[in-house]
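S.K.: please work out how this folds:
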Amino acid sequence: MAKSKTQFVCQNCGASYPKWMGKCDNCGEWNTLIEQVVEGSRGKSAVSKSSLSGSVLSVQNMSTISDTESVQRLKTGFKDLDDVLGGGVLLGGVILLAGQPGIGKSTLLLQLSAHIAKSTTVLYASGEESASQVKLRATRLGAETSERLDFASSTSADDIAATIRSGNYKLVIIDSIQTLALDEISSAPGTVSQITNSSNVIIRAAKQSGAAVILVGHVTKEGSIAGPKVLEHLVDVVLQFEGDRYGGFKVIRAAKNRFGSTNEAAIFEMEKEGLRLVENPSAALLAERQNADGSVVLATIEGTRPLLVEIQALVNPTSFGYPKRTASGFDLNRLNLLIAVLERRTKLNLSDKDVYINVVGGIKLNDRAADLAICMAIASAAAERRMDDGIVVFGEVGLGGEVRSAISADRRIAEAKKLGFKKAIAPSTLSKNQFVVGVSDLRTALIDYLQTKKK
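M.R.: Numbering: from 1, shown residues only. So this is what the prediction gives:
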């Protein structure tokens, strides 16, 4: 009996090698090569045959194609999530939802499917949990009485694709794509070949039947979606579920969306009955704030939604030769850059100080306009001086210490006014607004607004 031919495939980029290597030469990752059986390849005769086969495509004029926006969308029951998706779950579309383990992906999808099942048929297919495990969660969330919500426990991509093609369901949720496998591929579930081919089979079935499909994706320890990058290219929408799994707010953003904007965000909070949309996150984040040194209120933007969050800084003399810098909810490299700007442009000595930054509520900031608030919080903690009450801060800080303009400034100002703040320390380009006290550089902002001694 002929021995099966094998090759070693990188699980990060998909490159193949005839023998095992510790490092992939294509992407540079270590220990990512997995042995797989090579499927029978087609010879030259098959290639020549395919070049002569096929038929002329049936084309449509652009003016006769129906508008995508007129196609029916399924409402999720969460208004903000509908906005992130561009108006709801589009029939025939494939959505990939990725997030850290335990953050609430399965909870969200079971709540979503229970709501949609009130009006149409939904299938929840799980390759990770049994029917009894899912039933326990459904009972907690109040979804066990949904008559149009069906459940199947399967890891076969062939069976799930056949079920989708049957046309019995308008929405199919698959938890998760990393557990699926095709019978004709010998590699283990979760490998590059299984994820790629299983996804292709599922997506083709969704397009043929017109059913919407939501795939759950695992993430790596670095936070990126596990599997080949081609998985994100295949699907129509990629949703990132971010936040602290143990508490705080959880945010859903669209990293890719063929049917809507990628500038929206939905903010949730986990409760006993499941995930709940946060109607006024700014008020919730500032409810327990104490105006002490190192505390600054930042007016930031999550998608298109203005949000007020508290930035906390703690500066202590270091006990070691190398000062420690720690950031929770903020990019550490950006923090090191801002500390360097503070030391160079304001003469504030932080070389022998440990600096700790915390964004309250588990929010992860990707807004460059948070620079000024971070710098003022560090300076406030180092000098043991606090800011006056009723002040919000926003603005980008350049390497020269200049304060640069921020996007959506009018929305930030409107949110601050709504919550009763008196003024905003912001870039001088906004000085025409009476609510704004404009600052042109970082040194001026620190000298003028950190004058009140610690109480």
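S.K.: any idea where the helices of the stretch 351-455 of the chain begin and end?
M.R.: Secondary structure of the stretch 351-455 of the chain (DSSP state H, counting those that start in this stretch): helices located at 371-383, 409-418, 442-449.
S.K.: hey, least reliable of the ones you listed by pLDDT?
M.R.: Set side by side, the helices of the stretch 351-455 of the chain give their lowest mean pLDDT on helix 442-449, at a mean of 89.
S.K.: domain parsing for this structure?
M.R.: Structurally, the chain divides into domains by automatic domain parsing as follows: 1-39, 71-279, 283-453.
S.K.: make CSV out of those and add mean neighbour count.
M.R.: Quick note: C-beta positions are derived from backbone N, CA and C, even for glycine. Shown next, in CSV, are these (neighbours: other CB atoms under 10 Å):
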stretch, mean neighbour count
domain 1-39, 14
domain 71-279, 19
domain 283-453, 18
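S.K.: could I get the ones you listed as a markdown table with distance to Val56?
M.R.: Converted to a markdown table, the domains of the chain look like this (distance: least, CB to CB, whole Å):
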| stretch | distance to Val56 |
| --- | --- |
| domain 1-39 | 31 |
| domain 71-279 | 21 |
| domain 283-453 | 45 |
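S.K.: nearest to Ser55, of the ones you listed?
M.R.: domain 71-279 (18.0 Å; CB to CB).
S.K.: re the thing from before, just tell me which of the helices of the stretch 351-455 of the chain ends up closest to Thr262.
M.R.: Taking CB to CB as the criterion, helix 409-418 is the member of those that comes nearest to Thr262, at 17.5 Å.
S.K.: what lies in contact with that closest one?
M.R.: Taking CB atoms under 8 Å, 6 or more residues apart in numbering as the criterion, the residues outside helix 409-418 that touch it are 282, 299-301, 304, 306-308, 369, 392, 394, 406, 424, 426-427, 430, 433, 435-436.
S.K.: quick one: Leu372 from Glu302, how far?
M.R.: Distance of Leu372 to Glu302, computed by CB to CB, to the nearest Å: 18 Å.
S.K.: if we can go back for a sec, which stretch in the domains of the chain has the least confidence?
M.R.: Least confident of the domains of the chain, judged by mean pLDDT, is domain 1-39 with a mean of 79.
S.K.: what's the helix or strand for the nearest residue to Ala266 once chain neighbours are set aside?
M.R.: Spatial nearest neighbour of Ala266, excluding adjacent residues (CB to CB, 6 or more residues apart in numbering): Asp80 at 3.7 Å. When elements are defined using DSSP states H and E, Asp80 is found to belong to helix 79-85.
S.K.: after that helix, next one along is what?
M.R.: Scanning forward in sequence from helix 79-85 by DSSP H and E, the next helix or strand is strand 89-90.
S.K.: report the distance from that next one to the chain centre.
M.R.: When distances are taken as CA atoms, centre = their mean, to the nearest Å, strand 89-90 is centred 19 Å away from the chain's centroid.
S.K.: re earlier: could you dump the helices of the stretch 351-455 of the chain into CSV and include distance to Glu184?
M.R.: What follows is the helices of the stretch 351-455 of the chain, written out as CSV (distance: least, CB to CB, whole Å):
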stretch, distance to Glu184
helix 371-383, 53
helix 409-418, 53
helix 442-449, 62
